[in-house]
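Novice: Below is the sequence, then the predicted model.
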Amino acid sequence: MKYEFLVQVTEDGNVTYSHKYTSAVEAVRVYDSFRDYGTCKYWREIVLVEPTGKGHSKMFEAPELRPSYKLGRVQIPT
């Protein structure tokens with residue numbers, strides 16, 4: 001059985017889901033099922049990779065981070 005499509009989810013830098021699919025329809029259905037930030041603390045990225053190597057991704061930020069991040073209020077310790 002040859003796997004052709006990969007769906008991977010990374011939350012806050014940790015891979016929490018990774019699965020290979022032979023069906024493009026099933027891979028896209030799973031990719032589309034991720035619609036929010038889930039249980040992450042900062043961010044969640046969902047990636048769909050096609051057999052050609054072309055990738056599709058979407059990212060969600062946790063609501064607690066979003067306002068400060070967009071307004072430039074996030075302070076990086078020195």
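Specialist: That came through fine.

Novice: so C40 makes contact with N14?
Specialist: No. C40 lies out of contact with N14 (C-beta atoms under 8 Å); the separation is 9.1 Å. In short, each C-beta sits where N, CA and C put it, glycine included.

Novice: of these two, who's got more company?
Specialist: Shown here are C40 and N14; by other C-beta atoms under 10 Å, C40 has more neighbours (20 against 8).

Novice: And that one, how far from E50?
Specialist: 25 Å (C-beta to C-beta, to the nearest Å).

Novice: And A62, by the same measure?
Specialist: From A62 to E50 the distance is 29 Å (C-beta to C-beta).

Novice: and these two? which has more neighbours close in?
Specialist: A62 (18 against 13).

Novice: For the nearest residue to that one once chain neighbours are set aside, give its distance to K20.
Specialist: With sequence-adjacent residues excluded and distances taken as C-beta to C-beta, 6 or more residues apart in numbering, A62 is closest to Y37, at 4.9 Å. Y37 is 24 Å from K20, where distance means C-beta to C-beta.

Novice: higher neighbour count, those two?
Specialist: Each of Y37 and K20 has its neighbours counted (other C-beta under 10 Å); Y37 has more, 19 against 14.
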